[in-house]
Structures are given as C-alpha cells and as structure tokens.
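Enquirer: this is a predicted model, with the sequence first.
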Amino acid sequence: MDVYGGKEMAAAFRTVRNNTITIAEEIPEDRYSFRATPETRTIGQLLTHIALITNVPMHIHGNKINDLKQVNFPQLMKEAGTLEMMPRSKADIIMLLKSERDKFAAFLEGTTNGFLAEGVATPNPDQPSRSRFEMLLSAKEHEMHHRAQLMMMQRMIGITPHLTRQMQERMARAQQGQQQAPSGR
C-alpha cells in the first residue's frame, strides 16, 4: 500500500507554496524592498529565491543524476543567484511563484515510487546516499524555512501573517462556543 508518493508530495508542496503566495500577495509592493538586516535578502529577493528554489532538485532529479559529484554546484548557484537578483515587480514575483509551483508539482506527480526510492550518492561520509524521496521532500522543507523568515518580516512591517490570523479566528470561535455551551451541572 502506498502511503505517501509523488501525488501526495505534489499536493503538500502546492499547499506550502500557496501559503507563500498568500504572503506575497498580502505584502504591499512598496515593502518588497524591506530587509530585516543589511546582510539579508529583501522580501522581494527572498520571495524570488523561494520561487526558484526548486530549480536545483529539478536539475538533479529531472536529469536522473545519481551521484551529487556530477553536479557543478558552484555554477548552479551562480546561475541561481543571477536569476534571483534580476529586478522584478510584485506581480512578476507572484507569477513566478505560481508558474514554478505548477512546474515542480507536475514533476512530483509524475514520479513513481521506484524513482523516489532510488539512492543518490552524496559526498557526505556520514550519509553516503539519500533517497530521491528525501531529497525532493527537502525542497518543501527549505521553502517552509524561508516562509518562516517571511512571516517574521511581515510582523516587522506591521502585518499579522494569514496563518496566525486564521488560528486566532479558530481560537476565538472555540472560546465563543465554550462560553455559549450550557453548564453540565
């Protein structure tokens, strides 16, 4: 019985990316240049990084590379950095988040359990091989890491993140329901 395969990974990735897109939509464009500290990315740069983050796993797994020594990471990172630093409007960044979501999710949906189970050699002696499943799942984890940074930046510019607002609304409804429930005595 398959519990979690490519289709489930794609659905989970879409959920994560859709929450990132909501954040991108809620932040005013004039705040896209905000950065938490001088050495960090701006909101716009971070959103662009998130949008393009799946290019690395797409390169590795789309090309069926089975040994990370075959990947020219310095060149890949240089190319990624160039793409990330291109000036983009808020609308362009949101469009990029959506198009890259769709591209990566379609790739994930097309994977088989056999492909996901394949090992990929790593240069790390403590973990000489990782499954494609684990490596592809890390793309979602990486985005969630950066989304947490975005949520902190939202707070810094005076916006309560939508997931926090939703939780607060659920808690208020639950509290309201408890106050209206008759006492059992």
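Expert: Received the coordinates, thanks.
Enquirer: and the most centrally placed residue in the chain, backbone torsions?
Expert: Taking Cα atoms, centre = their mean, the centroid of the chain lies closest to E143, which sits 2.5 Å from it. As for E143, its main-chain torsions (degrees, to the nearest 10) stand at phi -60, psi -40.
Enquirer: cool, and P125?
Expert: When read as degrees, to the nearest 10, the backbone of P125 gives phi -60, psi -20.
Enquirer: L68 versus that one, what's the distance?
Expert: Between P125 and L68 the computed distance is 13 Å (Cβ to Cβ, to the nearest Å). From N, CA and C alone the C-beta is placed, and that goes for glycine too.
Enquirer: settle it for me: which of those two has more neighbours?
Expert: With other Cβ atoms under 10 Å as the criterion, P125 and L68 differ in neighbour count, and L68 comes out ahead with 16 against 6.
Enquirer: skipping its backbone neighbours, what lies nearest that one in space?
Expert: Closest residue in space to L68, ignoring its immediate chain neighbours: T122 at 5.2 Å, by Cβ to Cβ, 6 or more residues apart in numbering.
Enquirer: what is the burial count for that neighbour?
Expert: By other Cβ under 10 Å, 15 other residues sit near T122.
Enquirer: what sits against it?
Expert: Listed by Cβ atoms under 8 Å, 6 or more residues apart in numbering, the contact partners of T122 are 68, 128-130.
Enquirer: could you flag which of those residues are buried?
Expert: For these, a burial check counting by 16 or more other Cβ atoms under 10 Å picks out 68, 130.
Enquirer: for the contacts of T122, could you give me JSON lines that also reports secondary structure, distance to M86 and pLDDT?
Expert: What follows is the contacts of T122, written out as JSON lines (DSSP: H, G, I helix; E, B strand; the rest coil; distance: Cβ to Cβ, whole Å; pLDDT from 0 to 100):
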{"residue": "L68", "secondary structure": "helix", "distance to M86": "27", "pLDDT": "96"}
{"residue": "P128", "secondary structure": "coil", "distance to M86": "37", "pLDDT": "91"}
{"residue": "S129", "secondary structure": "strand", "distance to M86": "36", "pLDDT": "95"}
{"residue": "R130", "secondary structure": "strand", "distance to M86": "31", "pLDDT": "95"}
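Enquirer: now render the contacts of T122 as JSON lines, adding distance to A117.
Expert: Written out in JSON lines, the entries for the contacts of T122 read as follows (distance: Cβ to Cβ, whole Å):
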{"residue": "L68", "distance to A117": "17"}
{"residue": "P128", "distance to A117": "16"}
{"residue": "S129", "distance to A117": "11"}
{"residue": "R130", "distance to A117": "11"}
